[in-house]
Every structure is written in C-alpha cells, then in structure tokens.
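J.: Below: sequence and its predicted model.
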Amino acid sequence: MTQPRHFLDIWRLDAPTLRAILDDAKARKAARAGRGQAEVDADAPAKGKTLAMIFQKNSTRTRFSFDAGIRQLGGASIIATASDMQLGRGEPIEDTARVLSRMVDAVMIRANHHEDVERFAQYSSVPVINGLTDKSHPCQIMADLQTFEEHRGLVAGRTIAWVGDGNNVCASFIHAATLLGFKLNIACPAVYHPDLVDLARAAEQGAKVEMTDDPRAAVEGADCVVTDTWVSMGDVDHDERLATLEPYQVDEALMALAAKDAVFLHCLPAHRGEEVTDAVMDGPQSLVWDEAENRIHAQKAIMAWCFGRLG
Ligand code: CP
Ligand code: NVA
C-alpha cells in the first residue's frame, strides 16, 4: 500500500516539496483576489473530500484557517475536541486512527503529546497533519516563511532571529532552516533552550543555527525577528518563565539592532507587554496580520500536497 502523504514535521520533507508548497500557497492566495471567502478555488483539489480535525488544545487561527481552507479547496470538514470523543475516555489513538481512516480523507490533529500524532499517523491510512504539538508547529512556519517571502523575497541566505522561549514554534524554524537555507540565530535563556535532538539533527545536516543567551547578539543585522509567548499551552511554570524571560522582550530598541528593513513575526496569540511591546506589534515592521492570514493559504497548499495534487 502506498504510504499516505503525512505533514508531521518539516524535517521529514525535502526542499523541493517545501518550495512547491510555498509556491502553491502564494499562487492560491493571488488567485483569490476579489473572490468571496466561501468561493471554491478553480481547481477544487479537495472536491469530494472531508478533513477531520481533532483538538486537544485551544485554537483560533488553526481551527478557522483549516476549516475555511478545506472549504475553499472544495472539501468539507468535521471538527471535534478530543474531550468530546471517546479518545477523551481512553480509546486508544491507534483505534481512533483506524476508524477515522474509514470515514474521512485527511486528519488534522492538535495534540498535547507529539508522540500521539506520530502514532496516529502510523495507524492512519489517510494523510495526517500536525496542527501543533508540544514539540513542533510546522503549519505555522510555512505561513511565516510565505509571509517573509511576500515582503522580502526568497528566505534562502537571509537571517532570522528567534528571541525568547526555545519552544515548539522555534523547533519548526530549526527544522526549516536546513531545508530552505536560511540562517537562524536563537536567543534564549539556557533553561528554556530548544530540543537538543532538533539542534543535533540540524547540525548534522549543516544548518546554520547559532545559539546565544543574548537577544542583542541574535538580532544584530537580522532580516526577520520572531518571538512567541513565554508560556505555551501545557507549560506549568508560569511565574518562573515570566521572570526568566523578561530580558528577552522584543521592543523597539531591540528591533533597532536588526537590519533597517527587518520584519517582525509572531504566530499569535501575543501577550503584549510580555514577549513583545505594543509598539512593535502595531509598528511598521510588524507583519503579524498577514502572517495570520497566510495560515489559510499555506495550509491549503499543504492539504493539496497531502491529496497528491502537488509535487
Ligand atoms: N498560531 C496559532 O496556531 O494560533 P491558534 O492557537 O489560535 O490556532
Ligand atoms: N507556543 C505556543 C504556540 C501557540 C500557537 C503554544 O504551544 O501554546
């Protein structure tokens, strides 16, 4: 049996696939100019297909962008929170995967534990998409890279500075750095460093990833500055995180050290006054609203790829 095209993590894909997805996202976005949000794309690559979505954690962008996105591709959606499902009462994830595979054409999961998404995919005969786990957020990074490229051209050879918690979103940037050829400077306190397996894989693959605990050093001359919440869903050490990460706030003084035309990204939701100031969020370098919108375009391209309509 041919393996379904899962979109679990960026490091599992290859550079031509990522490029094809990014280019398709841009083309689909351009083709929608002037069209209603509920109109279906001309090629309708998901016609006759259903996407199931399972959420173990809260979501605004991921939920709405996937739901609107599958409709724009000509397909339908079914959304459930895990606690409403038998999963919430202990039905094994493997059995859930086998059952849903008989009813839908693809499954997007936002899960507490990354291993659960991997296990689901192992037992699913339809494509599985990672909609965020404790370890990574690959769909987000595709939208982020699309946003950067729309405003500043190809990301290859450019420098992205990650400032703050070395979390799941940071991990997907590490995964993408190798394949898309950008330099990634990561500034985080030692206690909140990125996953060592991700760093080791990136080093093995020759990625240009540099670690520092000094946000100023990371941002200096960068083309893009990115941050995220200091307390992710599932984190329990709220007060310690806020205290330790305080020197990592992205404010105008920090942005001034980046390249003159540097852009600011944040996956949202933002905690204004914590990881980022109002002045940066609402300032001229901020692309956060385009970034949020691009979730829909990037994920439509991801779904088109999963359905074998691309690459
Ligand atoms: N950035 C992001 O994934 O947002 P949601 O948690 O609202 O889906
Ligand atoms: N790092 C954040 C991202 C939210 C979209 C979290 O996992 O909660």
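T.: Cool, got the structure. Ligands and ions are numbered 1, 2, ... in the order given.

J.: What residues of the longest helix anywhere in the chain count as buried?
T.: Across the chain, the longest stretch assigned as helix under DSSP state H is helix 288-306. For helix 288-306, the buried set under the neighbour-count rule, 16 or more other CB atoms under 10 Å, comprises 288, 290-306. The C-beta positions use only the backbone N, C-alpha and C, and glycine is treated the same way.

J.: What of stretch 71-90?
T.: Neighbour counts over stretch 71-90 (16+ other CB under 10 Å) mark Arg71, Gln72, Leu73, Gly74, Gly75, Ser77, Thr81, Ala82, Leu87 as buried.

J.: for stretch 173-183, same thing?
T.: The neighbour-count check on stretch 173-183 (16+ other CB under 10 Å) flags Phe173, Ile174, His175, Ala176, Ala177, Thr178, Leu179, Leu180, Gly181, Phe182, Lys183 as buried.

J.: Quick one: which of the residues you listed has the lowest pLDDT value?
T.: For these, the weakest pLDDT value sits at Thr178, with 90.

J.: circling back to that earlier point, next, give me the two most distant ones among the buried residues of stretch 173-183.
T.: His175 and Lys183 (14.6 Å; CB to CB).

J.: doesn't Leu265 make contact with Asp223?
T.: No: shown here, Asp223 and Leu265 do not form a contact pair, counting by CB atoms under 8 Å, at 11.0 Å.

J.: list residues touching both of those two?
T.: Phe148 (CB atoms under 8 Å, 6 or more residues apart in numbering).

J.: The two: who's more crowded?
T.: Leu265 (27 against 20; other CB atoms under 10 Å).

J.: so the more buried one sits in a strand?
T.: Yes: Leu265: assigned to a strand according to DSSP: H, G, I helix; E, B strand; the rest coil.

J.: For it, list each beta-bridge partner.
T.: Val226 (DSSP bridges).

J.: Now go through the buried residues of stretch 173-183 and say which are in helices.
T.: Short answer: the buried residues of stretch 173-183 in helices (DSSP H) are Phe173, Ile174, His175, Ala176, Ala177, Thr178, Leu179, Leu180.

J.: tell me which of those residues is nearest to ligand 2?
T.: Nearest to ligand 2 among these is Phe173, at 11.8 Å by CB to the nearest ligand atom.

J.: what sits against the closest one?
T.: By CB under 8 Å, 6+ apart, the contact list for Phe173 reads Ile141, Asp144, Ile160, Trp162, Leu184, Val226.
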